[in-house]
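Novice: Here you go, sequence then predicted model.
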Amino acid sequence: MSEFRQLTGPAIDLGQMLTAREQRVVNQTRLLKKYPEATLLCGTMRIPGPIKTGPKLKGLVQQFCETIQKQYKDKLVDQLIKLEAITGPEFYFVLNIAPKQIKQEMVCFEQGNPLGAIWDLDVLYWESEQLVQVSRVALGAPRRTCLVCGQDAKNCSRSRQHGLLEVQLKIEQIIEEGWDARW
């Protein structure tokens, strides 16, 4: 168990995380090969460190999934939701919506929701026998910002600008402050 209030699940190791990432690609590929004309919304949480779960995180993902199911019920083709994964909750929604449209809507959600900063919402489609991801930059949206300082997240991550504890404490703060105002 963790010393944190929100990140309370079991600690995982690098091997488990790499296996989970590989399995995500398998799931993405399988779903888009099955529905090659559709768009895939794949979501996880931005939680660095060995602890990726907790009851509120699971609750957030569950609520988000219910919102997607209601909002896109006429466009929803298939879904896969994994709330209990020790590497963190994840979900996949196959939608009959243009990739850029759903990515724009997810960027707006990330930017307009108090908890949006901790979501990792990827939009993919199938083209030329491979997965293609729609980037924020391709839409003219700004790059993701660092949870701690607001600078470019990739630069902070690569340079290890902030220690793990500092990032985890910021995630705890985001969850606690955003919990009541989540939707």
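Specialist: Arrived safely, thanks for sending. Bear in mind the structure is a predicted one, so any value in this text is a computation, not a measurement.

Novice: Give me the contact list for stretch 153-160.
Specialist: Residues from elsewhere that reach stretch 153-160 (CB atoms under 8 Å, 6 or more residues apart in numbering): 143-149, 161-162. (C-beta placed from N, C-alpha, C; glycine too.)

Novice: Now the longest strand along the chain: buried residues?
Specialist: When the chain is parsed with DSSP state E, its longest strand is strand 119-127. Neighbour-count burial for strand 119-127 flags 119, 121-126 (criterion: 16 or more other CB atoms under 10 Å).

Novice: And those, which is closest to Ala138?
Specialist: Among these, Val123 lies closest to Ala138 (CB to CB), at 10.2 Å.

Novice: Now for the closest one: which residues touch it?
Specialist: Val123 neighbours (CB under 8 Å, 6+ apart): 39-42, 99, 102-103, 106, 133-134.

Novice: Which members of those residues are classed as buried?
Specialist: Buried, going by 16+ other CB under 10 Å: 39-42, 99, 102-103, 106, 134, out of the contacts of Val123.

Novice: of all the residues you listed, which comes closest to Gly88?
Specialist: For the buried ones among the contacts of Val123, the nearest to Gly88 is Cys42 (12.6 Å; CB to CB).

Novice: Could you verify that that closest one is part of a strand?
Specialist: Yes. Assessed by DSSP: H, G, I helix; E, B strand; the rest coil, Cys42 belongs to a strand.

Novice: tell me the pLDDT at it?
Specialist: Turning to Cys42, the model gives it a pLDDT of 97.

Novice: Skip the chain neighbours and tell me the closest residue to it.
Specialist: Residue nearest to Cys42 in three dimensions, not counting chain neighbours: Asp122, with 4.6 Å by CB to CB, 6 or more residues apart in numbering.

Novice: now Thr29
Specialist: Leu131 (6.2 Å).

Novice: who does the longest strand of the chain pair up with?
Specialist: Sheet pairing of strand 119-127 (DSSP bridges) gives strand 39-45 (antiparallel), strand 130-133 (antiparallel).

Novice: Could I get the buried residue list for stretch 12-30?
Specialist: Neighbour-count burial for stretch 12-30, counted by 16+ other CB under 10 Å, picks out 12, 16, 20, 24, 27-29.
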